[in-house]
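Enquirer: this is a predicted model, with the sequence first.
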Amino acid sequence: MAQYGILVDYEWCTGCHSCEFACQMAHGYPVGQTGLLVNEIGPWKIDEDVWQLAYMPVPTDHCDPSAARQALGKVPTCVQHCQAKCMEYGAIEELAATMGPKKVLCAR
């Protein structure tokens, strides 16, 4: 049986928090609780004119990834509502084959 996960290409994440809010609303979590938390990395100076500022969606212990949606053949709510389309859901082996330097694979 294949294990499934979420691949995040954080180079393209804009930090809009749509994934976070979609998860919170779909599961009825209270304010401040969610299955996915968008973390801000930076800002800090790398070179004279170059700054680091990125966003990284990270699953929390509440991530299930939308088991009820999976049973219907749908992707998790966070993936569906990602405005930047930087999240993918699928078999870990298939997602791992597309890994790159700014991609993170989260398995649940």
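Expert: Everything's here; your move. Not measured: the values here are computed from a predicted model. Numbering: from 1, shown residues only.
Enquirer: tell me which stretches of this protein form strands.
Expert: Across the chain, reading from the start of the chain, the strands by DSSP state E fall at 4-9, 36-45, 51-59, 87-91, 103-107.
Enquirer: can you point out the buried residues in stretch 99-108?
Expert: Neighbour-count burial for stretch 99-108, counted by 16 or more other Cβ atoms under 10 Å, picks out 103, 106. All C-beta atoms are positioned from the backbone trio N, CA, C, and that covers glycine.
Enquirer: lowest-pLDDT helix or strand in this protein?
Expert: In the chain, no helix or strand scores lower on mean pLDDT, DSSP states H and E than helix 67-71, which sits at a mean of 79.
Enquirer: which residue is nearest the middle of this protein?
Expert: What sits nearest the mean C-alpha location of the chain, by Cα atoms, centre = their mean, is P57, with 4.3 Å.
Enquirer: low-confidence ranges in this structure?
Expert: Scanning the chain for pLDDT under 70 picks out 1-2, 66, 108.
Enquirer: so what touches the longest helix anywhere in the chain?
Expert: Of all the segments of type helix in the chain, defined by DSSP state H, the longest one is helix 18-27. Residues lying outside helix 18-27 but in contact with it, judged by Cβ atoms under 8 Å, 6 or more residues apart in numbering, are 29, 31, 33-38, 57, 62-64, 66, 69, 76-83, 87.
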